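S.K.: Predicted model, plus sequence, below.
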Amino acid sequence: MIAKYSSGFVYLVSRTGVTGERASLSEAVRPLIEHTRAATSIPLAVGFGISRPEHAEEVGLLADAIAVGSAFVRIIEENAGSPSTEVQLESLARELSAALRRARLQGAHP
């Protein structure tokens, strides 16, 4: 397994196919995280399809970090040139971060 040769963190792709925002997480993400967690103690980051606070909280129960791209790109594209772009990006980042903190407080992840 790749985790044996990894350092820093392991980036887990939550679904096959192309990246982008999704309504829900793949059913494969939980077993993927659990399987990788059993193989390594280094931090796990999960990406692909993570775009909502509920995704961040669900992943945060088992993994250490999330990787978000498409949701931020969408905000930039939809608000090109708008002075509110930075505020909207910060708002999403805060919502996702708060969701990860809630997951930690639930205590399910070591």
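M.R.: Sure thing, it's come through. Keep in mind it's a predicted model, so treat the numbers as computed, not measured. Numbers count the residues shown, from 1 in each chain.

S.K.: distance of Phe9 from Pro83?
M.R.: Applying Cβ to Cβ, to the nearest Å, the value for Phe9 to Pro83 is 35 Å. Glycine gets a C-beta too; all of them are placed from N, C-alpha and C.

S.K.: Repeat that for Tyr5.
M.R.: From Tyr5 across to Pro83, the span is 46 Å (Cβ to Cβ).

S.K.: rewinding a little: quick one, which of Phe9 and Pro83 is more surrounded?
M.R.: Higher neighbour count among Phe9 and Pro83: Phe9, with 14 against 7, using other Cβ atoms under 10 Å.

S.K.: show me what contacts the more buried one?
M.R.: Contacts for Phe9 (Cβ atoms under 8 Å, 6 or more residues apart in numbering) come out as Ile42, Pro43, Leu44, Ala45, Asp64, Ala65.

S.K.: and if you look at Ser97?
M.R.: Counting by Cβ under 8 Å, 6+ apart, Ser97 has contacts Ala56.

S.K.: go with 10 Å
M.R.: Neighbouring residues of Ser97 by Cβ atoms under 10 Å, 6 or more residues apart in numbering: Pro53, Ala56, Gly60, Ile66.

S.K.: wait, Ser26 sits on Ile33?
M.R.: No: judged on Cβ atoms under 10 Å, Ser26 makes no contact with Ile33 at a distance of 11.1 Å.

S.K.: Dihedrals phi and psi, the residue nearest in space to the middle of the chain?
M.R.: For the chain, the residue nearest the mean C-alpha position is Ile66 (2.5 Å; Cα atoms, centre = their mean). Per-residue torsions, Ile66: phi -120, psi 160 (degrees, to the nearest 10).
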